[in-house]
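[1] Just to be clear, the model below is a prediction. Sequence and coordinates:
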Amino acid sequence: MLTIVAVVLALTVIPYPWGWVAVIGAALVDVAETAFFVHWSKRRRAAVGLETLVGRTAVVVRALSPRGQVKLDGEVWEARAEHALLPGDEVVVRSVDGLVLVVEPT
């Protein structure tokens, strides 16, 4: 946006050599600003999606032998584990396979 304003000013108001300086300066500011905000937006991991479930703790609600269900943040998820687990056991989500959580005991 700053570049557009600089071009308009260079064509209408600013004298010849300084008009180009204004356009180049505005373009450099726009590029630096864009690079800054791209870097700023990538500083944190996503706070949405299935990937955010990895590492979280859940409680078994239907026995896992090897498949069953766990409750995580009030939601019931299908899950599977290598070892049989009973209702009430706490588990940690290690990965997500489709919509099935792969868990292991804490």
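    Happy to help now that I have it.

[2] Could you report the neighbour count for F37?
    Number of residues near F37 (other CB atoms under 10 Å) recorded here: 10. No exception for glycine: its C-beta is placed from N, CA and C like everyone else's.

[3] all helices for the chain, in order.
    According to DSSP state H, the chain carries its helices in the segments 2-12, 16-41.

[4] okay, and for this structure, where does confidence drop off?
    Scanning the chain with the threshold set as pLDDT under 70 gives 46.

[5] Which parts of it belong to which domain?
    Taking automatic domain parsing as the reference, the chain has its domains at 2-41, 50-105.

[6] if you compare those, which one is most tucked away?
    For those, the largest average neighbour count (mean count of other CB atoms under 10 Å) is found in domain 50-105, namely a mean of 15.

[7] Any idea how far apart the tips of it sit?
    This stretch, domain 50-105, spans 20 Å end to end (CA to CA, to the nearest Å).

[8] The strand ranked longest in the chain - contacts with which helices or strands?
    Here the longest strand in the chain is taken by residue count, with DSSP state E as the criterion, and it is strand 90-97. Counting contacts by 3 or more CB pairs under 8 Å, 6 or more residues apart in numbering; DSSP states H and E, strand 90-97 packs against strand 57-62, strand 100-105.

[9] cutoff 10 Å now
    Using 3 or more CB pairs under 10 Å, 6 or more residues apart in numbering; DSSP states H and E, the elements in contact with strand 90-97 are strand 57-62, strand 67-72, strand 75-80, strand 100-105.

[10] how far out from the middle of the chain is the third one?
    For strand 75-80, the distance between its averaged C-alpha position and the chain's averaged C-alpha position is 22 Å (CA atoms, centre = their mean, to the nearest Å).

[11] partner strands of it, parallel or antiparallel?
    Strand 75-80 has these partner strands in its sheet, going by DSSP bridges: strand 67-72 (antiparallel), strand 100-105 (parallel).

[12] Let me have the ones you listed in JSON lines, extended by distance to P17.
    Conversion of those to JSON lines gives the following (distance: least, CB to CB, whole Å):
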{"stretch": "strand 67-72", "distance to P17": "65"}
{"stretch": "strand 100-105", "distance to P17": "65"}
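
[13] I'd like to know which of those strands is closest to A22.
    Of all the strands paired with strand 75-80, it is strand 67-72 that lies closest to A22, at 56.0 Å by CB to CB.
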